[in-house]
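Quick one: sequence and predicted model below, then my questions.
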Amino acid sequence: MELIKRQVLANGLSFETFECGVGDRLALCLHGFPSHATCWDAQLPMLAALGYRAWAPNQRGYGGSSRPRGAAAYAIAPLLEDIAAIIDASAAKSTVLIGHDWGGLLAWFFAARRLRPLDALIILNAPHPACAAVAFRRWRQLRKGWYLAAFQIPILPDACLRFNRAWLLGRVMAAVAGSRAVFSAERLEFYRAEAARPGAVTAMLNWYRGMVRGGVPREMKAVFPSIEVPTLVIWGDGDAVLDSSCLEGLDRYVANLTESRLAGVSHWVQEEAPEAVNAIVTAFLRKTLPTARSPQAV
């Protein structure tokens, strides 16, 4: 099916959005850092074939979307407002929310806060905030998440990641992948070119600055009610930045949970293992995926 690119106006911003399929059932796919909406290219046609109008927007600060200035613009509250406004702009009658990495973290908050009705929630390699708060107190996860503190430093990380057309960012993405087979040279060049856009790197880093300076700490003071909608978590066990211990205790916060782990797959799960991810998501949305947790997708 053909992918269409257009601008969606929502929450006072413009979001570069890739769309596939038609209908009044929305499948909204949220990317993470330092990615791009096109990380969902293998999933959008699959979702469209299932009868969804699949949207993958570049979130604020990324790609051809609006790029507000200042870390405060990237706190959790305005990012969640973006999601709600995009859903409203779609005029869809129902929504499946899908998120990876940062997009997954926002999806967890969004579902827990019940900002809009959801039919289902699908998370790829992103911990529930309450589980992450526990995991990041342990060395196993803390040693993988050192960059969270590094990104709080002003100017220096921006300059390092922006240098030589985002060369270091490309190297980091390749290193996290763990295998050269995950990203082609052309794909890494694309990610570098997107990050090299004026103001893009600083906007990406401001997600982390906004998180620390009033985003997550404020949100964590609120109680996390149980998420009642059917929820699927797909987790690549070869993740170099998020330890699988981030999943511990998840069933306390999700009433209808299905987990599917992909052995040896890296953090970039939907790009590294698109066929496996698509098969799992298809089975889940068709309600043919066993609800018991599976150690490895088959």
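Noted; the coordinates are in hand. For clarity, every value in this text was computed on a predicted model and none was experimentally measured.

Which stretches in the chain count as helices?
Ranges of helices in the chain, per DSSP state H, are 44-49, 76-90, 102-113, 129-135, 139-142, 147-150, 156-177, 185-195, 200-210, 216-219, 269-272, 274-285.

Among the ones you listed, show the one with the smallest mean pLDDT.
Lowest mean pLDDT of the helices of the chain: helix 216-219, a mean of 66.

So which of the helices of the chain is nearest residue 249?
helix 129-135 (5.3 Å; CB to CB). Bear in mind the C-beta positions are built from the backbone N, C-alpha and C, glycine included.

what does the closest one rub up against?
Helix 129-135 has contacts (CB atoms under 8 Å, 6 or more residues apart in numbering) with 105, 108-109, 112, 127, 141, 216, 219-220, 224, 243, 245-250, 252-253.

Weed out the non-buried ones from these.
Neighbour counting by 16 or more other CB atoms under 10 Å classes 105, 108-109, 112, 127, 141, 216, 219, 224, 243, 245-247, 250, 253 among the contacts of helix 129-135 as buried.

So which of those is the closest to residue 203?
Taking CB to CB as the measure, residue 203 sits nearest to residue 105 out of the buried ones among the contacts of helix 129-135, at 16.9 Å.

residue contacts, that closest one?
Counted by CB under 8 Å, 6+ apart, residue 105 has contacts 32, 99, 126-127, 129, 132.

again with residue 202
By CB under 8 Å, 6+ apart, the neighbours of residue 202 are residue 158.

thinking again about what came up before, can you put the helices of the chain in JSON lines and add distance to residue 13?
Below are the helices of the chain laid out as JSON lines (distance: least, CB to CB, whole Å):
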{"stretch": "helix 44-49", "distance to residue 13": "22"}
{"stretch": "helix 76-90", "distance to residue 13": "7"}
{"stretch": "helix 102-113", "distance to residue 13": "15"}
{"stretch": "helix 129-135", "distance to residue 13": "24"}
{"stretch": "helix 139-142", "distance to residue 13": "32"}
{"stretch": "helix 147-150", "distance to residue 13": "25"}
{"stretch": "helix 156-177", "distance to residue 13": "21"}
{"stretch": "helix 185-195", "distance to residue 13": "18"}
{"stretch": "helix 200-210", "distance to residue 13": "12"}
{"stretch": "helix 216-219", "distance to residue 13": "21"}
{"stretch": "helix 269-272", "distance to residue 13": "25"}
{"stretch": "helix 274-285", "distance to residue 13": "28"}
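
Which one, of the ones you listed, ends up nearest to residue 69?
Proximity to residue 69 (CB to CB) singles out helix 200-210 among those, at 8.2 Å.

Go through that closest one and flag the buried ones.
For helix 200-210, a neighbour-count test (16+ other CB under 10 Å) marks 200-210 as buried.

now swap in stretch 1-19 and tell me
For stretch 1-19, a neighbour-count test (16+ other CB under 10 Å) marks 3, 8, 10-11, 13-19 as buried.

tell me the two of the residues you listed that are most distant?
3 and 11 (23.6 Å).

contacting residues around the closest residue to residue 278 other than its chain neighbours?
Nearest residue to residue 278, sequence neighbours excluded (CB to CB, 6 or more residues apart in numbering): residue 46, at 4.5 Å. When contacts are counted by CB under 8 Å, 6+ apart, residue 46 touches 278, 281-282.

Write the ChimeraX selection for whichever of those are buried.
With 16+ other CB under 10 Å as the criterion, this ChimeraX line picks the buried residues out of those:
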select :278,281
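
okay, the contacts of residue 46 in CSV with distance to residue 77 next?
Listed next are the contacts of residue 46 as CSV, based on distance: CB to CB, whole Å:
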residue, distance to residue 77
278, 33
281, 29
282, 34
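
closest to residue 51 among the contacts of residue 46?
Nearest to residue 51, judged by CB to CB, of the contacts of residue 46 is residue 282 at 11.4 Å.

Endpoint to endpoint, stretch 123-139 covers what distance?
Using CA to CA, to the nearest Å, one end of stretch 123-139 lies 24 Å from the other.
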